[in-house]
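Student: Curious how this folds, go ahead:
(2 chains)
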2 protein chains.
Amino acid sequence: MRATLIYGAGDVRVGEVPDPVIKQPTDALVRVVRACVCGSDLWQYGSKPATPHGDRIGHEFLGVIEDLGSEVSGLSRGDLVLAPFVWSDGTCDFCREGLHTSCRHGGSWARDGVDGGQGEAVRVPQAAGTLVKLPVGADPALLASLLTLSDVFCTGHHCAVTAGVDARTTVTVIGDGAVGLSAVLAAKRLGAERIILMGRHKDRTDLGLEFGATDVVAERGAEGVEKVKELTGGDGTHAVLECVGLEQALTTAFGVVRAGGTISRVGAPQYSKVSFGFPDFLRNITLTGGVAPARAYIDELLPDVLDGRVQPGRVFDRTVGLDDVPDGYRAMADRTALKVLIEP
Amino acid sequence: MRATLIYGAGDVRVGEVPDPVIKQPTDALVRVVRACVCGSDLWQYGSKPATPHGDRIGHEFLGVIEDLGSEVSGLSRGDLVLAPFVWSDGTCDFCREGLHTSCRHGGSWARDGVDGGQGEAVRVPQAAGTLVKLPVGADPALLASLLTLSDVFCTGHHCAVTAGVDARTTVTVIGDGAVGLSAVLAAKRLGAERIILMGRHKDRTDLGLEFGATDVVAERGAEGVEKVKELTGGDGTHAVLECVGLEQALTTAFGVVRAGGTISRVGAPQYSKVSFGFPDFLRNITLTGGVAPARAYIDELLPDVLDGRVQPGRVFDRTVGLDDVPDGYRAMADRTALKVLIEP
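Tutor: Below is the predicted model of the structure:
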């Protein structure tokens, strides 16, 4: 079959790979119907050392079950299923606590002999725990929004939930990428009435306003902090959703968080140290977040997506076939596309 | 009157200072009945640059009201009152949210013309918001435990509360000082069944065991982390209460926290950067805590102290008069005393 391979920074190709087959009785084989490119794929696209063989990539997909191992219960051939961006058994103590990303028998896509999502088909380990059956005959127009439950919308939701967003909290979202916009949508869905979006790409922040942002701050750094403070009587906001992952974004987060407030970060940190000493200790600031256990949130978010109450799929502004995935990466890296949908 | 003055590192003296008087209609004048030395006073005692005039010090005291400004309601002359370790108006939005340490009209003792607690009397700003009336005729034997509500027991409680301690959480407490032991007691009070205390002073960890610790780990650094992991099936604990403030203690905290877990720190950080990058992001670790808003917790904790259900005053192992406060500092700095009570 054909699948996306990354050979190094800036070098993504679509090539032939072995057809996936059931290897474990807990596996399923899924024919991919929709996949997409993640902002976190771009870290690899920006810096991966060259490799002669090419590595699989992609961790967001939904598709149709073609085959099932003998021990997979609750799923049938022909089911339309969604895969969260890590696979997990669904039964260990971490999964039961809702932290599927730390599953004792789980792992990542496109690693250790497991397929990536940006291809024609995927062998899914721990299928019963991992896959979520979608209502058969889901409106094709909904597929894009359903796909966001694989990662990006759940990641925005995780950010808002861990930051404690509710109707009483004021919110700043840092970053107008697909995760930031998802965080706006999630914060709005959780009841936040004041949502300040920090971003400087007008087409993106315009979508953010439609998603529920009440203010947009285009300035960055100290100037951006000043602006958010002006908007909040000098205090900053209770919750800060850091959706970038760069040190400057985190510094901004500390600048705009209100005393007693919480910063949640879901952008993969591109730094190892955090300036978080005595002054923020005196202000009782909390730093939380992390990689989103998407599987834990799908049951809660799915009904709102199915009935159109939220439309997170609007973050996709370009669709490509499998052959054009390299163009999709280029477009996202160049910021001419916000997020790229793949129809293999 | 006489009060404690700090002239620099290692140089604490008791000297004459002006008698406090009511300056604002919101002030009260309190004759100190009990005060104490805090672990955080020792940071100054260890490193304060020399000053010719001497600075006031001390932020934990209880006493009897001698005089009241015209606008103070709810208190009367002769009341026995407890002062939390910051003063606050009790009415601003931060106070109403329980974050009295960020009060819009509050401040610290022993600073900006406000008296320190280690003296014969104190002018208390914002008295109606700050002071908590204690039941008249409180048993003198209870005074030590009541005094811990000024700071140390509330600080341990804040640590446990912000770390989310309850009956389902396993807990590690780092540090066997008075705050660490208070954190053990607080965690036990909140229902924790497994409390691992990291400390190497046997007389202190013995008291920790009486306060509710189930295990003691005397090893430090990587060896201590290994030991806690052994005790927890390799996972670490859900909650880690960091009660020291040194970088090494925080490194240990990251080492012993379970995936999805929370580190709360209440030891004043003696560092400005925290190693908190991608690996702990993948594990969804939260770092919280801060300076404890003691005032917010007193109403909840007071009944348990009054009826003896908890006896946090057991952390005091030496009592001095005002003249011997310098000896008390020396004893705490030398670790021959755990925490020193002052009877002025």
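Student: Tell me who's in contact with A:D89.
Tutor: A:T26, A:C95, A:C103, A:R104, A:H105, A:G106, A:Q126, A:G129 (Cβ atoms under 8 Å, 6 or more residues apart in numbering or on different chains). (Each C-beta comes from the backbone N, C-alpha and C, glycine too.)
Student: List buried residues within those residues.
Tutor: By neighbour count, with 16 or more other Cβ atoms under 10 Å in any protein chain shown, these hold A:T26, A:C95, A:C103, A:H105, A:G106, A:Q126, A:G129 as buried.
Student: between these, which is closest to A:F276?
Tutor: Using Cβ to Cβ, A:C103 is the member of these that lies nearest A:F276, at 28.9 Å.
Student: May I see the buried residues of the lowest-mean-pLDDT helix or strand in chain A?
Tutor: Lowest on mean pLDDT, DSSP states H and E among the helices and strands of chain A sits helix A:41-47, with a mean of 94. Applying a neighbour-count criterion of 16+ other Cβ under 10 Å, one finds A:D41, A:Q44, A:Y45 buried in helix A:41-47.
Student: and what of stretch A:202-210?
Tutor: For stretch A:202-210, the buried set under the neighbour-count rule, 16+ other Cβ under 10 Å, comprises A:R204, A:T205, A:L207, A:G208.
Student: And for the first one, nearest residue in space, chain neighbours not counted?
Tutor: Using Cβ to Cβ, 6 or more residues apart in numbering or on different chains and skipping residues adjacent in sequence, the residue nearest A:R204 is A:D176, 4.0 Å away.
Student: Among the contacts of A:D89, which lie within helices?
Tutor: Counting by DSSP state H, those place A:C95, A:G129 in helices.
Student: returning to that earlier point: quick one: contacts for the residue nearest to A:R204?
Tutor: A:D176 makes contacts with A:L197, A:M198, A:G199, A:R200, A:H201, A:R204, A:T205, A:G208, as judged by Cβ under 8 Å, 6+ apart.
Student: List just the nearest of the buried ones among the contacts of A:D89 to chain B.
Tutor: Of all the buried ones among the contacts of A:D89, A:C103 has the smallest distance to chain B: 9.9 Å, by Cβ to the nearest Cβ.
Student: how much space between the residue lying closest to the closest one once chain neighbours are set aside and chain B?
Tutor: Closest residue in space to A:C103, ignoring its immediate chain neighbours: A:S88 at 3.5 Å, by Cβ to Cβ, 6+ apart. To chain B, A:S88 is 13 Å away according to Cβ to the nearest Cβ, to the nearest Å.
Student: Got phi/psi on the residue nearest the centre of chain A?
Tutor: With distances taken as Cα atoms, centre = their mean, A:V152 lies nearest the centre of chain A, 2.5 Å away. Note on A:V152: backbone dihedrals following degrees, to the nearest 10 are phi -60, psi -40.
Student: close enough to count as contact, it and A:C38?
Tutor: Yes - look at A:V152 against A:C38 with Cβ atoms under 8 Å: they come within range, at 7.0 Å.
Student: Check the contact lists of the two and give me the overlap.
Tutor: A:E60.
Student: Which positions in chain A make contact with chain B?
Tutor: Residues of chain A lying close to chain B (Cβ under 8 Å from any Cβ of the partner chain) are A:94, A:97, A:99, A:101-102, A:162, A:259-260, A:265, A:268-269, A:271-278, A:280-291, A:293.
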